[in-house]
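Q: Structure, please.
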Amino acid sequence: MGASTAAPAVEQVDTSYLQTLLGYNARRAALSIIGVFLERLAVYGLKPVDFSVMSVIHHNPGVTSRQLCASLNILPPNLVGLIQSLESRGLIERKPHPTDGRAVGLHPTPKGVSLMQQAEATAYELEIDASSKLTPKQRQTLVSLLQKIYL
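A: From the prediction side, this is the model:
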């Protein structure tokens, strides 16, 4: 066998193609925010999905599980354990639905309301920090543009 020549070493990684992709950029931005979210909201015992569910319940007392699943794109089997966990922590309670005898409304408890007031303030602060390179108008535009993709 003849002498093999070494492949050239990569001095600088080229990600220019990836940087043209919406999904790649959205995922990178989400990962940077979620990392900070996990750190700062750990004190409340809330993961991103717990936070989302609690926020919807907090702002929509009496929301049903079906409505939660539809609004957050969560599969019903995945929501069952989450609701049980939030209920066992004393953050939410189930009450009969006022017009549908088969449905149950989910309501925040006073403890849940207090927790979400603090957690939402923390989430707002962390998003401001995580997007500090954007002006308030740019931040608002980015949120609006991202919502056009999934709403």
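Q: How confident is the prediction for the residue minimising distance to the centre of the chain, by pLDDT?
A: Residue closest to the average C-alpha location in the chain (Cα atoms, centre = their mean): P48, at 4.3 Å. Per-residue confidence (pLDDT) for P48: 94.
Q: And it, how far from R89?
A: To R89, P48 is 17 Å away according to Cβ to Cβ, to the nearest Å. All C-beta atoms are positioned from the backbone trio N, CA, C, and that covers glycine.
Q: which residues touch the residue nearest to the centre of the chain?
A: Shown in contact with P48 (Cβ atoms under 8 Å, 6 or more residues apart in numbering): I34, F37, L38.
Q: Spatially, what comes nearest to the first one if we skip its sequence neighbours?
A: Once flanking residues are discounted, I34 sits nearest to P48: 6.3 Å by Cβ to Cβ, 6 or more residues apart in numbering.
Q: Can you show me the strands along this structure?
A: 92-96, 104-108 (DSSP state E).
Q: relative to strand 104-108, how tilted is the first one?
A: The one in question is strand 92-96. Inter-element angle recorded for strand 92-96 and strand 104-108: 150 degrees (by axes from the mean of the first three to the mean of the last three Cα atoms, to 10 degrees).
Q: buried ones in strand 92-96?
A: I92 (16 or more other Cβ atoms under 10 Å).
Q: repeat for stretch 107-126
A: Buried, per 16+ other Cβ under 10 Å, within stretch 107-126: H107, P108, G112, V113, L115, M116, A119, T122, A123, L126.
Q: Just send the residues you listed back as TSV, with distance to L82 and pLDDT too.
A: Listed next are the buried residues of stretch 107-126 as TSV, based on distance: Cβ to Cβ, whole Å; pLDDT from 0 to 100:
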residue	distance to L82	pLDDT
H107	16	98
P108	14	98
G112	13	98
V113	18	98
L115	15	98
M116	15	98
A119	15	98
T122	20	97
A123	18	96
L126	22	94
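Q: now the helices for this structure?
A: For the chain, helices defined by DSSP state H occupy the ranges 22-41, 48-59, 65-72, 76-88, 110-130, 136-150.
Q: Adding distance to G101, write these out as a markdown table.
A: A markdown table is the format used below for those (distance: least, Cβ to Cβ, whole Å):
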| stretch | distance to G101 |
| --- | --- |
| helix 22-41 | 36 |
| helix 48-59 | 21 |
| helix 65-72 | 14 |
| helix 76-88 | 19 |
| helix 110-130 | 25 |
| helix 136-150 | 33 |
